[in-house]
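Engineer: Here is my input; please provide its structure:
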Amino acid sequence: MEKHISVPIDKEEISKLHAGDYVYITGTIYTARDAAHKRMQETLDRGEALPIDLNKNLIYYMGPSPAREGRPIGSAGPTTASRMDKYAPKLLDLGLAGMIGKGKRSLQVKEAIIRNGAVYFAAVGGAGALLSKSIIQSEVVAYDDLGTEAIRKLEVKNFPVIVVIDKDGNNLYEIAIKEYCRE
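Structural biologist: Residues are numbered from 1 along each chain as shown. Just a heads-up that it's a prediction; the model follows:
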């Protein structure tokens, strides 16, 4: 099923998303990769506030290439999500509504998604140039010293993703294997 959502997103909207849904996201999302997640964890460990509000927001695991002239961002393909698995449950518990990446997630992340009524989306790997066309604005908002791993605020319009893990823990990767291996 094809759906259009606006972000920030609340739990009621997330509850309407199901594993396998094609979704087009419009609104504000944030980027963060390994180094930014590590720094956010260190910030939380010190008892300090994070540089972005996680509540009802999405984090896109992406580090862009340099922008070409006249474009807000360069190639913007997803990073392998499992690299953020040790940080994701805590961020979900703090109100993060969901994540965008590629690849499988750990059991701990799946449990945190269920516990928090969140969602995990996949963006198509290898399609960074195409994905960047849905990004209409990009601004570094934290950890500028991390270069491409800085936290960015992106304005997106009809950014294409697929629901991989829904709020109930249904996992598209597992469902697809079962469908494919039917006798």
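Engineer: Report the mean per-residue pLDDT for stretch 61-68.
Structural biologist: The predicted model assigns stretch 61-68 a mean pLDDT of 86.
Engineer: no, scratch that, I was asking about stretch 171-183
Structural biologist: The pLDDT scores in stretch 171-183 average 77.
Engineer: Now for the nearest residue to Glu139 once chain neighbours are set aside: which residues touch it?
Structural biologist: Nearest non-adjacent residue to Glu139, counting by CB to CB, 6 or more residues apart in numbering: Lys153, 5.0 Å away. Just so you know, the C-beta spots here come from the backbone N, C-alpha and C atoms, and that holds for glycine as well. Neighbouring residues of Lys153 by CB atoms under 8 Å, 6 or more residues apart in numbering: Thr28, Ile29, Tyr30, Ile52, Ser138, Glu139, Val141.
Engineer: at 10 Å what do you get?
Structural biologist: Thr28, Ile29, Tyr30, Thr31, Ile52, Asn57, Gln137, Ser138, Glu139, Val140, Val141, Ala142 (CB atoms under 10 Å, 6 or more residues apart in numbering).
Engineer: any idea what the residue lying closest to the fourth one once chain neighbours are set aside is structurally, helix, strand or coil?
Structural biologist: It refers to Thr31. Using CB to CB, 6+ apart and skipping residues adjacent in sequence, the residue nearest Thr31 is Arg152, 4.3 Å away. Here Arg152 is recorded as strand under DSSP: H, G, I helix; E, B strand; the rest coil.
Engineer: swap in the one 10 residues further on?
Structural biologist: Using three-state DSSP, the three-state assignment for Ile162 comes out as strand.
Engineer: Mind jotting down where the strands sit in the protein?
Structural biologist: 2-7, 22-31, 58-60, 98-101, 119-122, 135-142, 151-165 (DSSP state E).
Engineer: can you pull the buried residues of the longest one?
Structural biologist: Pointing back at strand 151-165 there. Buried positions in strand 151-165, judged by neighbour count with 16 or more other CB atoms under 10 Å: 151-156, 159-165.
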